[in-house]
Every structure is written in C-alpha cells, then in structure tokens.
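In: kindly generate the corresponding structure for this input.
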Amino acid sequence: MRKVLAFDLGGTKFAFGVVAEDGTVLGSGRVETLAEAGPAQAVQRVAAAAQQLLTELKLKPTDLLAIGIASPGPLDTARGCVDGSPNLPGWTGYSIEGELSKAFGNLPARIDNDCNAAALGEYVFGAGKGKRNLVYLTISTGIGGGAVIDGRLMRGANGNAAELGHIPLTMDGPRCGCGNLGCWEAYASGTAIARRTREALAAGRPSSILGFAGTIEQVTTYHLFQALAQKDPLATEIWDQSIDYLGRGLGAVINTFNPDIIVVGGGVTAAGDALFVPMRAKAFAYAFPRLGAVCAIVPAALGGNVGVVGAAACAFEAAQAHA
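Out: A predicted model of the protein is given here:
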C-alpha cells in the first residue's frame, strides 16, 4: 500500500506522521515548534524526528510517494512558505516545502492551508466520505474553513480560498485579529465566546461561571459549558447569542457553497449536542430552504489526526495529479 509523510505545522506544535493510502496513520509524533526561534530550527528538528520515525517503521524516503504539509495561512504556495501568518512571525519567505523535500531525498512536497487540508482529509477519509460537496469548519481559537466542491478541493487564485472566519457579520462590532471589524470569528470563535463571557462578568453580571474558573481572567469556554449544564442564566444567555452568531455564519456558508455536508471540528464542539442541535436549527433558519434541505451539519470524524491526515490527503492528491 502506498504511503506518504505528512506534517501539520502549528504555532506551538509541529506534528508529523506516516499515512497509508486508506488514511491509516502508521506512526506519528510531534515536536515543539518554538516559532519565535524561526523556521530553520523547527524544520530541522521535525525532519530529524520524522526520520527517526521512518527508521522505527523500517522505511526509507524512497518507500514514500510524497510529502504533504498543512500550515496556517496565509500562504505563498508558489514559494512553499507562509506569507504573514500571525502565528508564525518571522517565517515569511522560508520555503518549508522546499526544505522538507530536501531533507527526504527531494521527495515531491506540497504545502496547503491547514483548514483546506482538513477539508480534503474529512472528504477523503472522514465524515465526508461518499459526498461531492463538503465544507469543513473549525471553531476553536479562531474560525477556519475549507471547501471541496464537485469533488475538488477549492484552493483559489493563490491557495488561500475559504477564509470563512472572516465573513463580516456586521458593519462594525469587535475588531478581529485580521484587523477588520465584525468578522464571524470575532463573534463566534471559542476565543470570542470566552471574551464576551469575561466582559459580562467584569460588568458585574452574577454567574456560577466564576466559581468554576476562579477568576475572571481564567474564564474559558470550558467554564461556560460547566455553568451551562447547570442552566446558569448568564451562561445560557451568552450561549444562545453564540449559537445565533454561528447559525448566521453557517447560513451564509450554505447559501454560498450549497454543500451536501458541513463538517465541524475544533474545541467548541466539545459541547456536543448543546452545540449541534440548536446550531443546525439556526443555520437552516438563515439558509434558503431548498439549500438547507440537502445539507447535513455533522461533527468532524478525524479528531486530533485531522492535520496530519489532511496533509496526507493533499500529498496523495498531488501525486495522483502528476502520475
């Protein structure tokens, strides 16, 4: 069975794995990115760790088909590097793609936006198997997205398509990390939900949330979920607002892409049915009925492996295109 080497780059960790053609992860590992120390040291360390994994699996680079890399965007895919990624300052212009290729005997390598890679991974190996039109969303620190339309990953003019977290919900509103006002991410990401919770507590709103967190500064969405389970009024209010924001954005996604399925991952999905049941209802209320009627909204299937498996799916796709 054919195999690829896959890398999932993040601001804090650099994961890797050997992935078989059926999506099975044959072995994996991770190193700290130490992003502030620059790209060269991170690539050297992850390459050494991946080489050790190959040795353990009794594999050589020549046994592999290609290399796939999932990375935070924006990307300059022509040069194989990040291009102004806020999570990777100082990395712009360093060809992660080229350096990892050289480290493994000039194996063909491909870098893709991490959410685009996750979309292809869920389409090929996960919750979207058997579908033709899929949108992937991660709702976590931010909101990221990727889309597979008519069986093809949508990359856009320069590899940065489907920045769905930056759909503007309002003309003003909170300032997003991208610099604009009113982005979906600034309202409905896990970070945004926690921020609105802290603001309400700082304004003197009573809530059991504080008892779970200890201090306002320590409040996260996890503490909100704990209070929500006890039907805390403030937690319920903030959660209902958040569900509405999520539904508005999802309605726009449904109306834009007309997908068969929207696959949702990320930390906020830990809320389970408390998220998915009302979020589906809101999304379909904001979507055109004919489009909503053919769309399922489901949890992601690949879990913590989504980055590595998604990068592998991109590597297999690239190899097939050049066969």
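
In: low-confidence ranges in the stretch 51-200 of the chain?
Out: For the stretch 51-200 of the chain, no stretch is flagged by pLDDT under 70.

In: quick one: the helices in it, in order.
Out: Ranges of helices within the stretch 51-200 of the chain are 96-103, 114-125, 184-188, 190-202, based on DSSP state H, counting those that start in this stretch.

In: please identify the deepest-packed of these.
Out: Of all these, helix 114-125 has the most neighbours on average by mean count of other CB atoms under 10 Å, namely a mean of 29. Every C-beta, even on glycine, is put in place using the N, C-alpha and C of the backbone.

In: and that helix, how far from the chain's centre?
Out: In terms of CA atoms, centre = their mean, to the nearest Å, the centre of helix 114-125 is found 9 Å from the chain centre.

In: what's that helix packed up against?
Out: The elements that helix 114-125 packs onto, with contact taken as 3 or more CB pairs under 8 Å, 6 or more residues apart in numbering; DSSP states H and E, are strand 67-71, strand 134-139, strand 143-149, strand 152-153, strand 261-265, helix 306-321.

In: which helix runs longest in the chain?
Out: Ranked by residue count under DSSP state H, the longest helix found in the chain is helix 233-257.

In: closest one to Asp76 among the helices of the stretch 51-200 of the chain?
Out: helix 96-103 (10.0 Å; CB to CB).

In: what does that closest one rub up against?
Out: For helix 96-103, contacts defined as CB atoms under 8 Å, 6 or more residues apart in numbering pick out 7, 9, 39-40, 43-44, 47, 51, 67, 69, 71, 80-82, 107-111.

In: redo that, cut-off 10 Å
Out: 5, 7, 9, 14, 16, 39-40, 42-44, 46-48, 50-51, 61, 66-69, 71, 75-77, 79-82, 88, 95, 106-112 (CB atoms under 10 Å, 6 or more residues apart in numbering).

In: can you tell me which of those are buried?
Out: Taking 16 or more other CB atoms under 10 Å as the criterion, what is buried in the contacts of helix 96-103 is 5, 7, 9, 14, 16, 39, 42-43, 46-47, 50-51, 66-69, 71, 75-77, 79-82, 88, 95, 107-112.
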